[in-house]
Each structure stands twice: as structure tokens, then as C-alpha cells.
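[1] With the sequence up front, the predicted model follows.
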Amino acid sequence: MEIGNVIRDARAGKWKPVYVLVGTETLLIDRAVNALRSAALGAGADGLNVDIFHGKGLSAQSLVRAANTMPMFANARFILVRDVESIAAAEQDTLAAYLSAPSPSTCLVFIGEKVDGRMRFAKAAKQSDCFAEVQALKGPQVRSFAIAEAKERGHVLEADAADALADSIGADLSALDDALERLSLYVEPGKAISLLAVEACITRVRVETIWALVDAVSMRDGKTALRAAASLLADREPALRILAMVARQLRMVARMRDALAQGLRGPDAAKHAGAPPFKAYDLGEAAKRFTPGDLQRAFRTLASTDMALKGSRRPPETVLEEALVQLCSANA
């Protein structure tokens, strides 16, 4: 089951008795939940027909009783269960049994980051065709999402504008959705969204500076790397976001190495790397400078720095600078 189909059906007033929606892309999961809630309730009152449970400490029997309760002045009851991964194994058998014969007057939605595919509950959800795994979009998928979202708002998102949005914002769909909302308000209704509109309206990370940072790391040029990082920090970019963007670019470099090894070139290689076509040359040049060992060491440094930025009380700028020095050292 595809999350896009769930959202489209729900917005058309169609819903199933049970859904299990898991994954890391919370924007799409939240949209599905809101659409299903509206479809199930219709004009009915929330207070009389909505229940919210949490996976930790969940009593399956209590949930099943709520699900078998008839709705009052609504199309159906709506029940949301958060953190499905926290449901105790002992409770999952009861839930699996319910999935085989759910109440047709209740829309029961489980959400969370993951489920154990070996458990009877997960197997029952997949057999009942009510399971959807919603992972973060990658590369061209992000660009397609931006184009579709702009169309929903009545705009054509021009190709170079789509590339710029995907390249500067990345796979954060919530941030992309917010950017498109601002762009929709900025341009006139029904007008195309151009690259100039993106540059004028959206606060963008300077992609060129990120590439300068990545290039400096590949050349073991610590001074240039620190200067590029300082420029980004001066623009009030958080150290954690800078680190994430460097990691994203290096992942593209790693995929570009793989593409070149397979004989791909130009836009085809960039597509394999998850980058827009105009990045093909830059990625190819960067891929030539990084060995597999270089990339492995860089990713280890990035991972440890990510943990330090999230858990250390040290100034994040200092943590980032130390990581760049390590990345640029001969023994990185």
C-alpha cells in the first residue's frame, strides 16, 4: 500500500477499517492521519468519536473494545495509536486477531517509526493490505514532490527552481512544504515559480559554500574548510545542519563513485547519485579525489561529530571546527 494512495483516497472520502503507517517521513504520515480522520468523521463531533492511544502500556483489549464501539452522529469512529513499535509483544496477538476481522464502523490507524516484521501483528497487517512503510524521499523523488506540491497550490515549478529547492533544502519535506507555501504567497496566483522567485523569497544555504567545504576536505585544505564553515556560521546556519549538509554531499560523492564504476556518465551518473543533472561535473570531479578509504574515515568522523553536537555541552562551533580539522588531516 502506497502512502500517496492512502492520502488521495482519504481526501476523496474513502477509507479502510485499519491502517499501519510506519517510517521516518512524518509529513506524509501526518497528512494521511489528518485526511483519514476527516474522512471517517465526516460532519461528526470529534469528542464523541475520537480516541488516541499510545503503544507503551497499551491494553489491546481496551483498544479493541473502543474499536468495536459504534460511532455517534459520524460516518465512523476514528482511533489513532501512536508509537506502534512500543506495543508489548504479549498484546500484539490480540491486535493481529482484530486485524483479520476489524469493525467496519471504525477507522483504526497505527503510526510509528517501525514494526518488527517477525511479529504476528506486522505479518497480519501486511496480509490485510493495510501496511505502508513511509521512508524519507531521496534525490529525484524530492524534486518530483516539490513539483507536485507546487501544482497542488496552482503553480508550475520551473525545472531550475525545483533543482535549487531540492539542492538547498534536501529531503526535509516539512521544510520544503513551508518553502513552497511561502513561494505560493510570494508569486501571483496561478503564476509559475521561477529560480528568481526561489532566490528572492527563500532563505537558502549557499550551496557553493558547501561544495567549497567538501572540496577543501577532499584536498585536505583545512584553512579553506574552516573559512567556508565560518562563512556559513556567520549566516546563522546551525553547526548540526552544516554537518548534515556535508554528510549529504559526501553521500552523493560516494554514490557518484559507484555510478562511474558502473560506466554511467553525465546526467545518468548524477541521477544515480541522487543529484540534479547540473551537478554531474562537480560530483564527478569530487568522486575522483575521494578513495573508498577516505569516505569511510570521513563518515566515521561525521557520525561521531553528530553525536557530540547532540549530546555535548561544548560550543557547537568548536565541535564542528575540530571535526573539519580531523577530516582534513592526513590521518582522517
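    Noted; the coordinates are in hand. This is a predicted model, so every value here is computed, not measured.

[2] I figured residue 168 hits residue 195, correct?
    No. Look at residue 168 against residue 195 with C-beta atoms under 8 Å: they stay out of range, at 11.3 Å. Yep, even glycine has a C-beta here, placed from its N, CA and C like the rest.

[3] Same drill for these two, tell me which one is more crowded.
    Taking other C-beta atoms under 10 Å, residue 168 and residue 195 do not tie; residue 168 has more neighbours (20 against 15).

[4] pLDDT score for the more buried one?
    If you check residue 168, the pLDDT there is 71.

[5] before we move on, which element is it in?
    helix 159-169 (DSSP states H and E).

[6] and the helix or strand following that helix, what does it pack onto?
    Sequence-wise, the next helix or strand downstream of helix 159-169 (DSSP H and E) is helix 173-186. With contacts defined as 3 or more C-beta pairs under 8 Å, 6 or more residues apart in numbering; DSSP states H and E, helix 173-186 has these neighbours: helix 26-41, helix 140-152, helix 159-169, helix 195-201.

[7] how much space between residue 30 and residue 270?
    31 Å (C-beta to C-beta, to the nearest Å).

[8] more crowded one of the two?
    More neighbours surround residue 270 than the other of residue 30 and residue 270, with 26 against 13 (other C-beta under 10 Å).

[9] Not counting sequence-adjacent ones, nearest residue to that one?
    Nearest non-adjacent residue to residue 270, counting by C-beta to C-beta, 6 or more residues apart in numbering: residue 280, 4.0 Å away.

[10] for residue 130, same thing?
    residue 18 (4.5 Å).

[11] Can you give me the end-to-end span of stretch 126-139?
    28 Å (C-alpha to C-alpha, to the nearest Å).

[12] An error on my part: the question was meant for stretch 77-89.
    End to end - C-alpha to C-alpha - stretch 77-89 spans 26 Å.

[13] could you give the mean pLDDT of that stretch?
    On average, the pLDDT along stretch 77-89 is 92.

[14] How about stretch 324-332?
    So the average pLDDT for stretch 324-332 ends up being 75.

[15] now do stretch 267-284
    On average, stretch 267-284 scores 79.

[16] Could you do stretch 182-200 as well?
    Confidence for stretch 182-200, expressed as mean pLDDT, is 88.

[17] Contacts for it, please.
    Residues outside stretch 182-200 that contact it (C-beta atoms under 8 Å, 6 or more residues apart in numbering) are 150, 153-158, 160-161, 164-165, 180, 201-202, 204.

[18] Go through the residues you listed and single out the one with the most neighbours.
    Neighbour counts for those (other C-beta under 10 Å) peak at residue 165, which has 28 neighbours.

[19] Could you double-check that residue 39 lies in contact with residue 10?
    Yes. Counting by C-beta under 8 Å, residue 10 is a contact partner of residue 39 at 4.6 Å.

[20] In terms of neighbours, single out the busier of those two.
    When residue 39 and residue 10 are compared for neighbours, residue 10 comes out ahead with 23 against 19, by other C-beta under 10 Å.

[21] did I read that right, that one in a helix?
    Yes. The assignment for residue 10, made by DSSP: H, G, I helix; E, B strand; the rest coil, places it in a helix.
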